[in-house]
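Colleague: give me a 3D structure for the following:
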Amino acid sequence: MLNYIALIFININPFFGGRLLAVSYITFMGLNPLLSVLVIIVSDISICITGFYFAQYLRKLKFFNKRLSKIDDKWVRNGAYVGFFVGQFFIGTFFVSLILGLIKHKGNNIVFFYIPLIISVILYTIVYYYLSSDGIDLIKHFLYYS
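Modeller: Numbering: from 1, shown residues only. As a prediction, the model looks like this:
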């Protein structure tokens, strides 16, 4: 149980953690892969949803209105897909969720936010898990045979 709490902390900590480090922790500690990947997906989605609604609350305070009024409508329509599928490599899903929460969007939040978030988190978590498990196994075999 303590390993899964540490896994959640590593996953949601944006300063020295992240999804790639969390899936590497799964392989290194020998945790149940299916349950651990599910824990990472649920914790990441829940923290991103919390950040999205917190940013919407901040938007109501009208602190960011001057900077956000310059955002083009094209970026609003496609920003979630670009942000979640490309921006994850650079700033992470939590910060993309904060930025998307600050943008004023009159459309449906399910299409604008939830679908790109869920699909990108699931795909990247599975890809990161297989890459990290193969990488750690290669390092173990290299150290064992050398």
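Colleague: three-state assignment of residue 26?
Modeller: Using DSSP: H, G, I helix; E, B strand; the rest coil, the secondary structure recorded for residue 26 is helix.
Colleague: so what's the residue most central in space within the chain closest to, chain neighbours aside?
Modeller: In the chain, the residue lying closest to the centroid (CA atoms, centre = their mean) is residue 93, at 3.5 Å. Nearest-residue entry for residue 93: residue 48, 5.2 Å, with adjacent residues in sequence omitted and distances by CB to CB, 6 or more residues apart in numbering. Yep, even glycine has a C-beta here, placed from its N, CA and C like the rest.
Colleague: my guess is that neighbour meets residue 97, correct?
Modeller: Yes - the pair residue 48 and residue 97 passes the contact test of CB atoms under 8 Å, sitting 4.1 Å apart.
Colleague: list residues touching both of the two?
Modeller: Taking CB atoms under 8 Å, 6 or more residues apart in numbering as the contact criterion, the residues that touch both residue 48 and residue 97 are residue 117.
Colleague: returning to what we had before: list the buried residues of the helix or strand where the residue nearest to residue 93 lies.
Modeller: Residue 48 belongs to helix 33-60 when elements are defined using DSSP states H and E. Buried residues in helix 33-60, counted by 16 or more other CB atoms under 10 Å: 36-37, 39-41, 43-45, 47-49, 51-52, 55-56, 59.
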